[in-house]
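Asker: what follows is a predicted protein model with its sequence.
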Amino acid sequence: MKKVAVVGFGFMGKTHALHILNNPNLELVAIVDKNPDAVAKGLGPMEGNLSTGFTDPGALKKIRTYTTMEECIKKEHPDALHVCVHTNLHYVMVKEALSQGLHVLVEKPFCIDPAEGEELIGLAESKGALLMVAHVVRFMPPYKMLKEWVDEGKYGKLKFLSLSRFSGIPEWGEWKDKQKTYGSSGGALFDLVVHDIDYAMDVAGEPHHISGDYLPGKLSAHDYLNALWRYDDRDLVVRIEGGNIFHAPFPFQAGFKALFEQASLSYSTLNPNRIVVAHDHHTEEVITGSLDAGYHDEIDYFATCMEENRKPTACMPESSLATIRLCHAHLKRCTPAG
């Protein structure tokens with residue numbers, strides 16, 4: 001059993017803690033947060049844009065808490081850290097953990113600065129530590145199914161893929177404070193739409209051509225993106241649209257539409273447990289399972305990688321770095337509007 005500590009106890013930190021507690025191969029030994037009352041406050045209802053799983057809040061009360069990562073490492077000697085802090089702290093905290101030979105699962109986005117990501121990948125290699133970025137969409141059942149169908153050619157060649165992800169301006173947890181430091185989170189492009197850019201890269205590969213536009217919001221100059229990807233080597237168009245420019249109560253919604261040679265597919269988190277498949281003369285519904293299974297599978301996968309001491313090939317840090325570079329490419333190739 002591997003000993004794990006969670007660093008940062010906001011929405012994602014709590015999500016990681018809950019799924020670590022539910023994993024028989026992991027022991028949650030500590031929670032680190034600069035706010036000493038964060039754990040006590042975090043035992044209430046989950047604040048976030050979707051359900052990520054549940055466990056007995058009483059179990060969290062038994063976990064030791066620290067206000068610094070250094071003290072936690074010194075006293076608890078964890079095998080791994082799950083780093084779930086604000087984006088602009090990823091580099092510093094992941095570097096410190098890797099420097100001490102600890103395995104790290106860090107929340108997306110990896111780093112806003114690709115040079116920092118390169119350094120962390122090199123450091124992990126030199127220390128023999130595992131490093132993985134938590135791109136959970138790759139592990140969510142409907143998205144896993146779509147990639148499997150593309151790879152096996154279940155419905156013929158993929159001709160068109162549309163990915164979308166929208167939410168209101170986030171006001172849960174510390175997000176109101178983050179609005180005061182404009183751009184520090186990377187905005188919706190790096191914090192929200194990055195999910196679909198990463199997934200599209202995994203399914204279709206890096207595009208040869210990018211076009212589109214983006215809009216400013218309360219968090220950054222690029223809180224909405226509408227982009228088209230095209231490829232020179234195949235007849236495929238990928239569309240990515242998303243953002244958090246809407247009013248706070250706006251319901252979170254994400255999904256995809258896919259056109260294959262032999263069928264058309266539709267999925268939405270507003271009807272989260274099924275993919276609608278349209279054939280020439282009929283439709284069918286394919287049951288997918290719940291989205292929160294993605295968090296369980298992601299954390300379980302990293303636990304297995306630690307147990308077997310093998311690199312996380314399903315979500316390699318190199319691919320996460322390529323995703324960050326592609327986010328920057330959108331800012332260069334798309335047109336600012338508004």
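Answerer: It's in.

Asker: do a quick rundown of the strands in the stretch 1-150 of the chain.
Answerer: Using DSSP state E, counting those that start in this stretch, the strands assigned to the stretch 1-150 of the chain run over residues 2-7, 26-32, 64-66, 80-83, 103-107, 131-134.

Asker: could you list the low-pLDDT ranges of this structure?
Answerer: Applying pLDDT under 70 to the chain flags the ranges 41-57, 172-184, 338.

Asker: just want the most central residue of it.
Answerer: Geometric centre of the chain, nearest residue: His135, 3.4 Å, by C-alpha atoms, centre = their mean.

Asker: quick check: closest non-adjacent residue to it.
Answerer: Ranked by C-beta to C-beta, 6 or more residues apart in numbering and with sequence neighbours excluded, the top spatial neighbour of His135 is Asp198, at 4.8 Å. In this view, the C-beta of every residue, glycine as well, is placed from N, C-alpha and C.

Asker: three-state assignment of that neighbour?
Answerer: Secondary structure assignment for Asp198 (DSSP: H, G, I helix; E, B strand; the rest coil): helix.

Asker: how about the contacts made by it?
Answerer: Contact analysis of Asp198 by C-beta atoms under 8 Å, 6 or more residues apart in numbering lists Lys108, His135, Val137, Arg138, Ser319, Ser320, Thr323.

Asker: Thr269 now?
Answerer: Thr269 neighbours (C-beta under 8 Å, 6+ apart): Leu50, Phe252, Gln253, Ala254, Gly255, Leu291.

Asker: OK, contacts around the third one?
Answerer: Just to be clear, that refers to Gln253. Going by C-beta under 8 Å, 6+ apart, Gln253 touches Ser164, Arg165, Phe166, Ser167, Ser268, Thr269, Leu270.

Asker: report the beta-bridge partners for the second one.
Answerer: Which is Arg165. For Arg165, the beta-bridge partners are Gly242, Ala254 (DSSP bridges).

Asker: quick one: it from Asp198, how far?
Answerer: Distance, Arg165 to Asp198, using C-beta to C-beta, to the nearest Å: 11 Å.

Asker: go on, the first one?
Answerer: Counting by C-beta to C-beta, the gap from Ser164 to Asp198 is 15 Å.

Asker: ok, now which ones touch the closest residue to Thr269 other than its chain neighbours?
Answerer: Take Thr269 and drop its neighbours on the chain: the residue closest to it by C-beta to C-beta, 6+ apart is Ala254, 4.9 Å away. Going by C-beta under 8 Å, 6+ apart, Ala254 touches Leu163, Ser164, Arg165, Phe166, His195, Asp196, Gly242, Ser268, Thr269.
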